[in-house]
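S.K.: this one's sequence-less:
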């Protein structure tokens, strides 16, 4: 087989197969075990959001060269209301998401109360009753019946992914991905060349781009992450960000092709948080922070010991918002996880927040202008850097 044929086969495999981030899973698990003595595995998985990927449909090179138009699903509000009102309905924390402006697209499933907790396996049962419920930042809602699918926030709304190929039924709707706009309305997608075969089932792939306003999706095969890097998809503008699997290195790029990096100055063995949003990036451990506020052009170091004196802390997980607000989570004996924040981007003063969860773990996630904390049903959401919080509505 000649060299050009080998390159072609390799490119096809790379485009159609995506493996789980085993290094990232192991690294995150090790970090959690070092700080927590009683963490629940199912809850800790909420902060990592790891999903298993599989082979998508066979690539048709002729078809991919022209834009492909797929219709959006029809909405049956009454059927959706019956799902939401079922006593067994719950919000699935692994697939539900908060959008950039604070809207929520919740995947609601009806759990069958059977001995053994229901069927096992990577595919949700095809006959499982489920629906999607969109909730706007001001409380308006819209819902429709839908199979359990992956949801990904994008600027302007969400992408609802196609059902993974091994989990599909004979229903052609299973192979369809679609958009949800800023009003909670499902919208069709017109796929650019090569986009559907990767982005329909893996919308979070760094090579995929969705434009909700024009309802188009495109694919840039030239975008590549540094070897072993984990993408940080905060969707807050500025450069692209990624971190090493051990969180001791932060990468950034303006085009996704050429990457620069910064290593932590903390000693080997120190617990490090690598976070980024907008033009802010931080490599932080306890009270020591290396940071950039200009997209990696310049870096500074700051000791937060004095500013953190009013806050009781142990080990700290750090997160930063696009406006430069620094969020920290520490675990205190008898109190569980405590979330605190800087009052502004100067980091000269920190205050505790009143955000707690039913299971004790608090893991703030930054996406666009929103910060959210997963809870059993009513998630905590902030759009002002954690200064104020609201709860998503209960199910009917």
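M.R.: Right, received. Where do you want to start? Note that the coordinates shown come from a computational prediction; the quantities given were computed from them, not determined experimentally.

S.K.: need the strands for the stretch 101-250 of the chain, in chain order.
M.R.: 104-110, 130-135, 141-145, 151-154, 157-160, 178-180, 186-187, 189-191, 208-211, 216-219, 230-232, 240-243, 249-253 (DSSP state E, counting those that start in this stretch).

S.K.: Deepest in the core, which of those strands is it.
M.R.: strand 157-160 (a mean of 26; mean count of other C-beta atoms under 10 Å). Yep, even glycine has a C-beta here, placed from its N, CA and C like the rest.

S.K.: where does the chain dip in pLDDT?
M.R.: Along the chain, segments meeting pLDDT under 70 span 1-72, 113-121.

S.K.: returning to that earlier point: and the strands of the stretch 101-250 of the chain as CSV, adding distance to residue 91?
M.R.: Below are the strands of the stretch 101-250 of the chain laid out as CSV (distance: least, C-beta to C-beta, whole Å):
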stretch, distance to residue 91
strand 104-110, 5
strand 130-135, 8
strand 141-145, 12
strand 151-154, 12
strand 157-160, 15
strand 178-180, 16
strand 186-187, 19
strand 189-191, 25
strand 208-211, 24
strand 216-219, 27
strand 230-232, 25
strand 240-243, 28
strand 249-253, 32
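
S.K.: Any idea which of the ones you listed gets closest to residue 395?
M.R.: strand 104-110 (6.7 Å; C-beta to C-beta).

S.K.: where exactly do the helices run in the chain?
M.R.: Using DSSP state H, the helices of the chain run over 3-16, 22-35, 41-48, 61-64, 77-85, 196-199.

S.K.: Give the bridge partners for residue 275, please.
M.R.: Beta bridges link residue 275 to residue 282 when assigned by DSSP bridges.

S.K.: isn't it right up against residue 284?
M.R.: Yes - at 7.5 Å, residue 275 counts as touching residue 284 under the criterion of C-beta atoms under 8 Å.

S.K.: what sits in contact with each of those two?
M.R.: With contacts taken as C-beta atoms under 8 Å, 6 or more residues apart in numbering, residue 275 and residue 284 have residue 318 as neighbours in common.

S.K.: quick revisit: among the strands of the stretch 101-250 of the chain, which comes closest to residue 167?
M.R.: Residue 167 lies closest to strand 130-135 among those, at 12.8 Å (C-beta to C-beta).

S.K.: Can you give me the end-to-end span of stretch 304-316?
M.R.: End-to-end distance of stretch 304-316 (C-alpha to C-alpha, to the nearest Å): 12 Å.

S.K.: Contacts for it next, please.
M.R.: Residues contacting stretch 304-316 (C-beta under 8 Å, 6+ apart): 34-35, 271, 273, 284-289, 328-332, 338, 340, 342, 347-352.

S.K.: now do 10 Å
M.R.: 31, 34-36, 271, 273, 284-289, 318, 326-333, 335, 338, 340-343, 346-352 (C-beta atoms under 10 Å, 6 or more residues apart in numbering).

S.K.: out of those, which are inside strands?
M.R.: Residues of these located in strands (DSSP state E): 273, 284-285, 288-289, 318, 326-332, 338, 340-342, 350-352.

S.K.: Quick one, which of those residues are buried?
M.R.: For the ones in strands among the contacts of stretch 304-316, a burial check counting by 16 or more other C-beta atoms under 10 Å picks out 273, 284-285, 288-289, 318, 326-331, 338, 340-342, 350.

S.K.: For stretch 192-209, buried residues please.
M.R.: Applying 16+ other C-beta under 10 Å to stretch 192-209 flags 192, 194-209 as buried.

S.K.: do stretch 75-88 as well
M.R.: Buried positions in stretch 75-88, judged by neighbour count with 16+ other C-beta under 10 Å: 75, 80, 82, 83, 84, 86.

S.K.: Kindly report the same for stretch 309-319.
M.R.: Residues of stretch 309-319 classed as buried: 311, 313, 316, 317, 318, 319 (neighbour count, 16+ other C-beta under 10 Å).

S.K.: distance of residue 286 from residue 340?
M.R.: 13 Å (C-beta to C-beta, to the nearest Å).

S.K.: Find the residues that touch each one of those two.
M.R.: The contact sets of residue 286 and residue 340 overlap at 308, 313, 316, 328, 330 (C-beta under 10 Å, 6+ apart).

S.K.: nearest to residue 134, of these?
M.R.: Using C-beta to C-beta, residue 328 comes nearest to residue 134 of those, at 31.0 Å.

S.K.: Now do the same contact list for that closest one.
M.R.: Going by C-beta under 10 Å, 6+ apart, residue 328 touches 273, 284, 286-287, 304, 308, 311, 313, 316-319, 338-342, 350, 352, 364.

S.K.: how much space between the nearest residue to it once chain neighbours are set aside and residue 336?
M.R.: Closest residue to residue 328 apart from its sequence neighbours, by C-beta to C-beta, 6 or more residues apart in numbering: residue 316 at 4.7 Å. Using C-beta to C-beta, one obtains 15 Å as the distance from residue 316 to residue 336.

S.K.: I figured residue 378 hits residue 372, correct?
M.R.: No - the pair residue 378 / residue 372 is not scored as a contact, 11.2 Å apart, by C-beta atoms under 10 Å.

S.K.: neighbour-wise, which of these two wins?
M.R.: residue 372 (23 against 15; other C-beta atoms under 10 Å).

S.K.: How about that one: which residues does it bridge to?
M.R.: Residues in beta-bridge contact with residue 372 (DSSP bridges): residue 365, residue 381.

S.K.: Please report the distance of it from residue 386.
M.R.: According to C-beta to C-beta, residue 372 stands 10 Å off from residue 386.

S.K.: Give me the nearest residue to residue 278, chain neighbours excluded.
M.R.: Closest residue to residue 278 apart from its sequence neighbours, by C-beta to C-beta, 6+ apart: residue 322 at 3.2 Å.

S.K.: What residues are bridge-paired with the closest residue to residue 83 other than its chain neighbours?
M.R.: Closest residue to residue 83 apart from its sequence neighbours, by C-beta to C-beta, 6+ apart: residue 131 at 4.1 Å. The partner list for residue 131 in beta bridges (DSSP bridges) reads residue 108, residue 145.
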